[in-house]
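Peer 1: Please work out how this folds:
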Amino acid sequence: MIYEIGGHEVSIVRATPGLAKSYYDLLMELYEDPNSYILVNYSKDPPQLESIVERSKNWNVHPHYMHFALYKDKVVGFAGSLLGPDYGPEVQPHIAEIYYGVSKGWRKTGLIYALLYTALSDINAKIVKATAYVENLPSINVLLKIGLRIIAVLEENDFHYMSGKMHDDYLFRGFRSDCLNRLPGLLEKHGISVIR
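Peer 2: The predicted structure follows:
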């Protein structure tokens with residue numbers, strides 16, 4: 001899909017191996033960002049391009065799904081999902097765990113809602129779950145606005161190397177249908193329109 005966001009055309013596409021280097025560049029930007037709490041920020045070492053290229057072979061191969069936001073052929077955001085996150089897709093084909101990240105220059109533009117709308121429209125799961133660091137207010141707000149609710153606090157869930165501290169996370173859960181019903185209103189609120 002192509003969206004108009006802040007007067008710019010942004011394409012949201014299924015990830016392909018040909019975009020691995022641009023995705024890697026975004027991950028490196030986020031790795032160095034003290035206000036980013038995606039998985040690379042919890043890693044001791046920065047991601048390696050070779051591992052991203054290898055992982056790219058499984059993008060959009062069941063049960064892993066990944067979408068990229070492209071602006072001028074550069075990956076500026078991503079939204080991924082994993083079906084059957086706890087026990088595999090055979091046992092949990094109805095549950096998807098989502099994760100996402102957006103370049104610093106594209107935050108607060110509503111891009112995340114376009115990414116999530118496209119990504120959630122492209123999977124067939126009944127339930128959506130996610131985790132967010134308890135102090136990551138922007139991500140918490142996104143997840144609450146799309147219709148997920150906090151169902152638990154996961155104490156000392158992961159170690160954040162950048163801060164040198166254990167982080168508690170909120171566990172979110174909700175229905176995909178509720179998210180898809182709320183997201184068009186969030187796109188409209190941010191002045192985002194679908195071009196095609």
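Peer 1: Show the contacting residues for Pro17.
Peer 2: Listed by C-beta atoms under 8 Å, 6 or more residues apart in numbering, the contact partners of Pro17 are 53, 56-57, 59. Placement of C-beta: from N, CA and C, glycine included.
Peer 1: Grab the nearest non-local neighbour of Ser193.
Peer 2: Excluding the flanking residues, the one nearest Ser193 by C-beta to C-beta, 6 or more residues apart in numbering is Glu4, at 5.0 Å.
Peer 1: Regarding Leu180, what is its secondary structure?
Peer 2: Counting by DSSP: H, G, I helix; E, B strand; the rest coil, the backbone at Leu180 sits in helix.
Peer 1: who's in contact with it?
Peer 2: Applying C-beta under 8 Å, 6+ apart, the residues near Leu180 are 117, 120-121.
Peer 1: from the residues you listed, which is closest to Ile150?
Peer 2: Using C-beta to C-beta, Leu120 comes nearest to Ile150 of these, at 18.8 Å.
Peer 1: Now that the closest one has come up, it's in contact with Leu183, right?
Peer 2: Yes: counting by C-beta atoms under 8 Å, Leu120 does reach Leu183; the two are 7.3 Å apart.
Peer 1: give me the number of residues near Tyr113?
Peer 2: Look at Tyr113: counted by other C-beta atoms under 10 Å, it has 24 neighbours.
Peer 1: Same question for Ala20.
Peer 2: 21.
Peer 1: Now it. Nearest residue, chain neighbours left out?
Peer 2: Spatial nearest neighbour of Ala20, excluding adjacent residues (C-beta to C-beta, 6+ apart): Ser56 at 4.2 Å.
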